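[1] What follows is a protein structure lacking sequence information:
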């Protein structure tokens, strides 16, 4: 055994060759609330338009037994079997079904990658012993998918390409590390999964098996079929490897509870989450860390997976805080957590953690206040969503609508508490409203003092307002490097009408600056940007 092949990963490849038709049959069963009439016996095909003709893109076993194959025109297929069930291809639905299966596979390993269009890779390195070995693990997965109505082929090897190659020819193969070359040599070249043009070229050259191709010099293969195919061949032979790309990043900490019998009661679920939270805190405490993002995953016996996520503003190191956040999140769900026939696995993961910084909490009252405020923000965010709880940060600009940035409070609370705002003059009214309109609203000004004076009256929302008091103008020049050539000058006025209402309005441009397409002078536009309390 070479040094390269020693202590390598173990990859389980899953291939669902009938995924489109299996998905359609499952959908028919669910919609009919019972077995679909003749669904299992009548040949079923999926067609897609290729080269201006409808061709078979997927078929079930019954259709394959009749001699139909992928790429056959629909007209020819109907001539062979007039009573075919024909469905349109839906790649989006197929991808969604594959992702649902991948979510279910997370119960075996957190490293699950897509092998589109109809395959998955599971990195089972170091976790197969939890299921009594690789053979038992593969059997558990295949039996469960078969019960769910999916045809599946599986294989295990030390490289993803070798495992995938084996699944294209037979199911249930387990290739020991270092034996990849001998395992794939007798397989036909189409199992490599190369492009159809390359596969046809290999056959025309008399290279029908992978062993035939491997017997040729690498430079000959590269010159004829390209460097990418040579890399693919070496990976299938176990002479090279490429990492898989998991769908989700690996959490920092994971704890889980498996049940011999499915559980469905709220009390058992809540108590299980509490025990998992205690175990998770113990694991994090050993390394001085706290959780910033927690994910609770509930795996149902029918394959459905539900994941609940909560974020925190500060690292959480107490189980009761985790319990409170998840209770808030579960109570606020629009779609309640449906256990169906029960959960057989509940998992709690800390997908993002931080080192806990110890602070003097006995003498500093501000620390206690900050902790209480952060805890309140976490509870509100768990109920209504983190993006809806914001703090405002000052920005270095004099443009009013850009002077304040709304940012999620959980991530920016500390920055917001240190932010320096312009000081207000004692005894003077505010120069600007506390709240601005999201978009300035136009007003009609019949006449105003030119060239830069205030209006005498204006119409806003179909109501006329006579101006009795004015403060201003406050001239604001636009930032020319951000305006795409529009550098109009704004003159802001604090206006009070006869009813005592106070407005913050501005004129967009100066009189005499704007011209029409015909070259005539055009009056500037007026807007109301906010209201004073």
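    All right, it came through fine. All of these numbers come straight from a predicted model, not from anything done at the bench. Numbering: from 1, shown residues only.
[2] biggest strand in the chain, by residue count?
    Longest strand in the chain by number of residues, with DSSP state E as the criterion: strand 463-477.
[3] just checking, what packs against it?
    strand 457-460, strand 489-497, strand 502-508 (3 or more Cβ pairs under 8 Å, 6 or more residues apart in numbering; DSSP states H and E). Yep, even glycine has a C-beta here, placed from its N, CA and C like the rest.
[4] how far out from the middle of the chain is it?
    The gap between where strand 463-477 is centred and where its chain is centred comes out at 48 Å by Cα atoms, centre = their mean, to the nearest Å.
[5] ok and that strand relative to strand 489-497, angle-wise?
    Direction vectors for strand 463-477 and strand 489-497, defined by axes from the mean of the first three to the mean of the last three Cα atoms, to 10 degrees, enclose an angle of 150 degrees.
[6] tell me the angle strand 463-477 makes with strand 502-508.
    Using the same axes, to 10 degrees: strand 463-477 against strand 502-508 is 60 degrees.
[7] With respect to burial, which of the helices and strands packed on strand 463-477 scores highest?
    The highest average neighbour count among those, using mean count of other Cβ atoms under 10 Å, belongs to strand 502-508 at a mean of 22.
[8] chain center to that strand, what's the gap?
    Taking mean C-alpha positions (Cα atoms, centre = their mean), strand 502-508 and its chain are 43 Å apart.
[9] Give the pairing partners of the longest strand of the chain; include direction for each.
    Partner strands and pairing direction for strand 463-477 (DSSP bridges) are strand 457-460 (antiparallel), strand 489-497 (antiparallel).
[10] and residue 389, how many neighbours does it have?
    Residue 389 sits with 20 neighbouring residues when counted by other Cβ atoms under 10 Å.
[11] And residue 88, by the same measure?
    By the other Cβ under 10 Å criterion, the neighbourhood of residue 88 contains 11 residues.
[12] now the residue nearest to it when sequence neighbours are not counted, what's its secondary structure?
    Counting by Cβ to Cβ, 6 or more residues apart in numbering, residue 47 is the residue found nearest to residue 88 once chain neighbours are left out, at 6.7 Å. Secondary structure, DSSP: H, G, I helix; E, B strand; the rest coil: residue 47 is strand.
[13] residues near residue 47, how many?
    By other Cβ under 10 Å, neighbour count at residue 47 equals 21.
[14] Tell me what it is bridged to.
    Taking DSSP bridges, one obtains residue 56, residue 88 as the residues bridged to residue 47.
[15] for residue 528, same thing?
    On the basis of DSSP bridges, residue 528 takes part in beta bridges with residue 441, residue 505.
[16] For residue 437, grab phi and psi.
    Backbone geometry at residue 437, expressed as degrees, to the nearest 10, gives phi -70, psi 140.
[17] you'd agree it is up against residue 504?
    No: judged on Cβ atoms under 8 Å, residue 437 makes no contact with residue 504 at a distance of 9.4 Å.
[18] what is in contact with those two at once?
    Between them, residue 437 and residue 504 have 528-530 as joint contacts when contacts are counted by Cβ atoms under 8 Å, 6 or more residues apart in numbering.
[19] Now do the buried residues in stretch 147-155.
    The neighbour-count check on stretch 147-155 (16 or more other Cβ atoms under 10 Å) flags 150-155 as buried.
[20] ok, the closest residue to residue 242 other than its chain neighbours - how many residues close by?
    Closest residue in space to residue 242, ignoring its immediate chain neighbours: residue 235 at 6.2 Å, by Cβ to Cβ, 6+ apart. Residue 235 sits with 20 neighbouring residues when counted by other Cβ under 10 Å.
[21] Figure out how far stretch 411-429 is from the centre of its chain.
    Here the centre of stretch 411-429 is set off from its chain's centre by 36 Å, with Cα atoms, centre = their mean.
[22] Can you tell me what sits against that stretch?
    The list of residues contacting stretch 411-429 from outside it, by Cβ under 8 Å, 6+ apart, reads 313, 370, 373-374, 377, 391-394, 407, 409, 430, 532.
[23] which element is residue 297 on?
    Using DSSP states H and E, residue 297 maps to strand 289-300.
[24] helices or strands up against the next helix or strand after that strand?
    Past strand 289-300, further along toward the C-terminus, the next helix or strand under DSSP H and E is strand 305-316. Here strand 305-316 is seen to pack against helix 91-105, strand 289-300, helix 319-331, strand 343-355, helix 365-384, helix 409-418 when contacts are counted using 3+ Cβ pairs under 8 Å, 6+ apart.
[25] in the fourth one, what's buried?
    What that stands for is strand 343-355. If you call a residue buried by 16+ other Cβ under 10 Å, then strand 343-355 has these buried ones: 343-354.
[26] Mind telling me the two of those farthest from one another?
    In those, the most distant members under the criterion Cβ to Cβ are 344 and 354, with 32.4 Å between them.
[27] Under the pLDDT cut-off, which ranges of this protein? List them.
    Counting by pLDDT under 70, the ranges of the chain that qualify are 1-7, 32-41, 334, 358-369, 482-487, 511-522.
[28] could you redo the last one with a cut-off of 80?
    Counting by pLDDT under 80, the chain has low-confidence residues at 1-8, 30-41, 332-336, 357-371, 422-429, 448-452, 478-488, 509-523, 533.
[29] Return the member of the contacts of stretch 411-429 nearest to residue 448.
    Closest to residue 448 out of these is residue 532 (20.3 Å), distances taken as Cβ to Cβ.
[30] my read: that closest one touches residue 431, true?
    No: Residue 532 sits out of contact with residue 431 when judged by Cβ under 8 Å, with a separation of 10.0 Å.
[31] Give me the common contacts of those two.
    Contacts common to residue 532 and residue 431, judged by Cβ under 8 Å, 6+ apart, are residue 494.
[32] Pull the number of nearby residues for the closest residue to residue 404 other than its chain neighbours.
    On the basis of Cβ to Cβ, 6+ apart, the spatially nearest residue to residue 404 that is not a chain neighbour turns out to be residue 392, at 4.9 Å. Burial of residue 392, expressed as a neighbour count using other Cβ under 10 Å, amounts to 15.
[33] Identify the residue nearest residue 509 in space, chain neighbours excluded?
    Residue 509 sits nearest to residue 524 (Cβ to Cβ, 6+ apart), 3.8 Å away.
[34] From residue 490, how far off is that neighbour?
    Using Cβ to Cβ, to the nearest Å, residue 524 is found at 10 Å from residue 490.
[35] do residue 113 as well
    54 Å.
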